[in-house]
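# sequence below, structure please.
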Amino acid sequence: MNDAHESWKHAVSQLEAGVVNPFLETFADDVAWTIVGSTPWSRTYRGRAEVRAMLAALQARIEGPYRMHVERFVTA
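Here you go, the predicted model:
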């Protein structure tokens, strides 16, 4: 496994623990994160600040810690 793969695994494990910064730091400054669908969350979030705000707002609506389950990592 390469460094990018290990870095991503670490970032996701930190997000699972409620620590957002390592996860956000894996994205470019001009990241575009799109949530597809017709929910109030469905739109494109542009830049780390918008993604951070979205994740914080989502966490505020979830009872208990945020959980993400990743089945496969693909890195270049």
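# residues contacting the residue most central in space within the chain?
Taking Cα atoms, centre = their mean, the centroid of the chain lies closest to Phe23, which sits 5.8 Å from it. Counting by Cβ atoms under 8 Å, 6 or more residues apart in numbering, Phe23 makes contact with Ala11, Val12, Gln14, Leu15. To be clear about C-beta, it is placed using only N, CA and C from the backbone, and glycine gets the same treatment.
# which single one of the residues you listed is nearest to Val31?
The shortest approach to Val31 among the contacts of Phe23 belongs to Ala11, at 13.1 Å (Cβ to Cβ).
# quick check: next helix or strand after the host helix or strand of the closest one?
Per DSSP states H and E, Ala11 falls inside helix 3-16. The helix or strand immediately downstream of helix 3-16 is helix 21-24, counting by DSSP H and E.
# what ranges of this structure fall below the confidence cut-off?
In the predicted model, the chain carries pLDDT under 70 at residues 1, 65-76.
# the closest residue in space to Thr34 that isn't next to it in sequence: neighbour count?
Nearest non-adjacent residue to Thr34, counting by Cβ to Cβ, 6 or more residues apart in numbering: Thr44, 4.5 Å away. Per other Cβ atoms under 10 Å, the neighbour tally for Thr44 reads 10.
# now name the helix or strand holding Arg52.
helix 47-61.
# what angle sits between that helix and helix 3-16?
40 degrees (axes from the mean of the first three to the mean of the last three Cα atoms, to 10 degrees).
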